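Novice: Any chance you could fold what I've pasted below:
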Amino acid sequence: MGEVVNVLVAVAVVVLVVRWATSGSKDSSGTPSPSAVLGFRPKSVTPEMVETVHGMFPDIPSDNVHYDLLRTGSVQLTSNKILERGFLPAPPPPYYTIYPRTAAPTAPGQAAAPANNVAAAGSSKPKKSQNLLARYQLEGRTSGTSIGAAPEEVGGKSTWEDSAEKREAALRERKARMILAARERLLAQQAKEKEGA
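Specialist: Numbering: from 1, shown residues only. Here you go, the predicted structure:
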């Protein structure tokens, strides 16, 4: 008789453990919990954490950053992973059932344009994409570099200037020379292709 009681108690314990384990995958509302959908228990992630990593690596999508932060829970670990790999893997499709896709990310420190501002929205739509010469006001300097110069010579030798303004001006000048040299190389390449055709 004692063995039957032990077996009944063991079966009752197993049933309770199975019920407890399977009930953890559903919330009280009947929707699956994030840990059941993602396959791991997500860490607590704040929007500031996502913004911090996205600010350091703006080319990494916010969803990828958020998913990795859910896994690691650490800005430092996520940043190290980006530095080591150069990318973060995209979240799996079930991720989007819990966390809907984010809208197009705005640059850090840039507020999204208000929806009721029709004049601003209307003026930004017909905006024509500018070429680099127009963007950096280099139209008047289109013949200042030589095509035969090595890339190191085109950029010029960098020296550390005394003031921030001088450093900024020197960097701006190096960028302008590099853009002009790249343009001349492209024009030379196109001319060779026309001659060969």
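
Novice: what does the average pLDDT come to for the longest helix seen in the chain?
Specialist: For the chain, the longest helix by residue count, based on DSSP state H, is helix 164-196. The pLDDT scores in helix 164-196 average 87.

Novice: now swap in stretch 12-19 and tell me
Specialist: Stretch 12-19 comes out at a mean pLDDT of 91.

Novice: Mind listing what's buried along the longest helix of the chain?
Specialist: For helix 164-196, burial by neighbour count (16 or more other C-beta atoms under 10 Å) applies to 176, 177, 179, 180, 181, 183, 184. Every C-beta, even on glycine, is put in place using the N, C-alpha and C of the backbone.

Novice: Residue 73: how many residues sit nearby?
Specialist: Counted with other C-beta atoms under 10 Å, residues neighbouring residue 73 total 15.

Novice: State the pLDDT value of it.
Specialist: 90.

Novice: And the one 10 residues further on, by the same measure?
Specialist: At residue 83, the predicted lDDT confidence score is 91.

Novice: Then residue 137?
Specialist: Listed pLDDT for residue 137 reads 72.

Novice: same thing with residue 9?
Specialist: Predicted confidence (pLDDT) for residue 9: 93.

Novice: With residue 105 instead?
Specialist: Note on residue 105: pLDDT of 47.

Novice: Same question for residue 78.
Specialist: Per-residue pLDDT puts residue 78 at 92.

Novice: Only the buried residues of whichever strand or helix holds it, if you could.
Specialist: Counting by DSSP states H and E, the element that carries residue 78 is helix 75-85. For helix 75-85, a neighbour-count test (16+ other C-beta under 10 Å) marks 75, 78, 79, 81, 82 as buried.

Novice: May I see those organised as CSV, with distance to residue 98 added?
Specialist: Below are the buried residues of helix 75-85 laid out as CSV (distance: C-beta to C-beta, whole Å):
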residue, distance to residue 98
75, 21
78, 19
79, 24
81, 22
82, 23
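
Novice: Convert stretch 86-99 to CSV, retaining C-alpha atoms only.
Specialist: Provided in CSV are the C-alpha atoms of stretch 86-99 (Å, rounded to 0.1, in the frame of the first residue of the first chain):
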residue,chain,number,x,y,z
GLY,A,86,31.7,44.6,-38.1
PHE,A,87,28.0,43.9,-38.0
LEU,A,88,25.2,42.5,-35.8
PRO,A,89,23.0,39.7,-37.1
ALA,A,90,19.4,40.6,-37.9
PRO,A,91,16.8,39.5,-35.5
PRO,A,92,14.7,36.4,-36.4
PRO,A,93,11.2,36.9,-37.7
PRO,A,94,9.5,36.0,-34.3
TYR,A,95,11.3,39.0,-32.8
TYR,A,96,9.0,41.3,-34.8
THR,A,97,5.9,39.7,-33.3
ILE,A,98,6.8,41.1,-29.9
TYR,A,99,8.8,44.2,-31.0
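
Novice: Other residues contacting it?
Specialist: 34, 37-38, 60-61, 63-68, 78, 81-82 (C-beta atoms under 8 Å, 6 or more residues apart in numbering).
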